[in-house]
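Q: quick one, structure for this:
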Amino acid sequence: MHYRHLFVAAMLGLSACSHQVLDVEHEIQSPGQGEAMLFPLPDRSSILTTIAFGSCADEELPQPIWSVIAAEKPDLFLFVGDNVYADRNRGEMVEEFTRAELEFAYGLLSRHPDFSPFRAQTPMLATWDDHDFGKNDGGVEFSLKADAKELMLETLGMPQDEAMPTRPGVYHSAYFGEGDQLLQVIMLDTRWFRSSLKDSDEPGTIGKERYVPDSDPTKTMLGDAQWAWLAAELRKPAALRLLVSSIQVIADGHGWEAWRTMPHERERLYELIRQTGSDNMVILSGDRHVGGLYQTRLDGNTVLSEITSSSLNLPWTLWNPGKDRVEETGPYQVGDLVGHENYGVLSVDWSKRAVKLDLNGPDGSPVRTLDVAF
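A: Here you go, the predicted model:
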C-alpha cells in the first residue's frame, strides 16, 4: 500500500504520544545490542486456543500495542506483513534502495523497546507484504527479495516448515494439535512470484484508486510452485485451517492491492477450496491500514470468512484526524471498517467447533466480532 507515503505529512499535525517519532539514534540501542530473543514455537502436539495476529508496524515509531497483545497471552502470534517499512529510513523516503535499508529496518525492529519484550515471550510465525519485502506494491521484479528473506528469518525466527528457508519465497505451513483439534496454519507469499498489476484508468476514483482488475490469464498471484504446494496442503487433514494472505482476498469495493486485481487467480483459489472441501477455513489478512470482517458464499453450503487487521501503529486515523468512521464499503463487508490501531484475536472452542474472530482496539477491547463455525 502507498499509505505510508502520506505518513510524514500526517505526522506534522498530530500530538498524540502514541504517534511521536522515535529518535532512532538514541531511543533504540546500537546495532549488536538488545536484539530480540526469539521465543520458540509451541510443540506440534500443543492444542492452541488463542491466536493473535496483526500487520503494518512502523519500526521508527513507538509500538505500545505489543504490551496489550501480550496481555492476551496468545498461544501464537501471526505477523502477516508490513512487519517493517524498509522504504523509509530515518524519516526520509528511500530513492535508491539497497540491502542497507533492509538491514536498518529489520535491525530497528529487532532492538525495538516495545517489540523485543513481546518477541521474547511470544511464539511467532511470519510472512511479508510489500514494505518488508522491500518495494511498495512490489512483486516478482524486485531484485533484493532474497536479502529481505534472509533478514526476515534472522529477525522474526524460523518457521516450523523446514523446507521454507531453502526454497524461493516465504510461503510455509505449520501444524499444532491432533485429530479433531488439529490446527493448520498456511502462510502465503503474495510477493515473490506475483506478476505486475494493472494500473487504474481513473486514479483516485473510488473503487479505482490505484489498480483495476486484470483479465490477463498469464498473470499470477502465487506462481506455479506455490499453487502446487497450496493444493497439496489443502488435501492434508486438519480440523481448522487458517489461511494467511498479506493482502485481502474477499474484499471488493476499493482500488488498492487485493486478490480482486487478478479475478482469475481469486477464482482459482475459491475453486481449490471447493475441490478440497476446505470449508473449515478462516482467512487472515492485513495491508489496508484499516480492520474489517468479510464473508462470501462459495456455494450453497460453504461460507468463507476473512478478518483483516491493520495497522498496529499506522492506522487510517493518522492521516484522517478528527474522522471516526471509515466510509469505504463493499459487497462482502460485514459492518463498518475499523480506522484506529487494531489487532486480531481468534478464540477457538474445539468442543463446539467454533472460532470467534475479534478485532481489538489499542486498549484491548473488541470493536468488531464475528462467530464462525468450522
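Q: closest to the mean position in the chain, which residue would that be?
A: Centroid-nearest residue in the chain: residue 80, 2.5 Å away (criterion: Cα atoms, centre = their mean).
Q: that one against residue 247, yeah?
A: No: counting by Cβ atoms under 8 Å, residue 80 does not reach residue 247; the two are 9.7 Å apart. Bear in mind the C-beta positions are built from the backbone N, C-alpha and C, glycine included.
Q: and the helices in the chain?
A: 4-11, 65-70, 99-110, 115-121, 130-133, 145-156, 224-234, 263-275 (DSSP state H).
Q: closest one to residue 206 among those?
A: In terms of Cβ to Cβ, the element of those nearest to residue 206 is helix 4-11, at 17.0 Å.
Q: and that closest one, what's its mean pLDDT?
A: Mean pLDDT, computed over helix 4-11, is 42.
Q: cool, stretch 104-111 as well?
A: 97.
Q: stretch 309-316 too?
A: 98.
Q: could you do stretch 322-340 as well?
A: Here the average pLDDT along stretch 322-340 is 96.
Q: endpoints of that stretch, how far apart?
A: One end of stretch 322-340 to the other measures 11 Å (Cα to Cα, to the nearest Å).
Q: residues in contact with it?
A: Stretch 322-340 has contacts (Cβ atoms under 8 Å, 6 or more residues apart in numbering) with 250-254, 290-296, 315-317, 320, 359, 361-362, 367-368, 370.
Q: just the buried residues of that stretch, please?
A: For stretch 322-340, the neighbour count (16 or more other Cβ atoms under 10 Å) marks 326, 328, 330, 332-333, 336-340 as buried.
Q: what is the nearest of those to residue 115?
A: Of all those, residue 340 has the smallest distance to residue 115: 19.6 Å, by Cβ to Cβ.
Q: ok, so what distance separates that closest one from residue 85?
A: Counting by Cβ to Cβ, to the nearest Å, the gap from residue 340 to residue 85 is 19 Å.
Q: likewise residue 248?
A: If you go by Cβ to Cβ, the gap between residue 248 and residue 85 works out to 19 Å.
Q: do the same with residue 321
A: As defined by Cβ to Cβ, residue 321 lies at a distance of 21 Å from residue 85.
Q: neighbour count winner among the two?
A: Using other Cβ atoms under 10 Å, the more surrounded residue of residue 321 and residue 85 is residue 85, with 25 against 10.
Q: mind listing what the more buried one touches?
A: Neighbour list for residue 85: 4, 58-60, 105, 131-132 [criterion: Cβ under 8 Å, 6+ apart].
Q: check the residues you listed and tell me the two furthest apart.
A: By the measure Cβ to Cβ, 60 and 132 form the most distant pair in the contacts of residue 85, at 13.5 Å.
Q: more crowded one of the two?
A: Neighbour count, other Cβ under 10 Å: between residue 60 and residue 132, residue 132 has more, with 32 against 23.
Q: ok, back up a step: tell me the one among the buried residues of stretch 322-340 nearest to residue 117.
A: Using Cβ to Cβ, the buried residues of stretch 322-340 come closest to residue 117 at residue 340, 23.0 Å.
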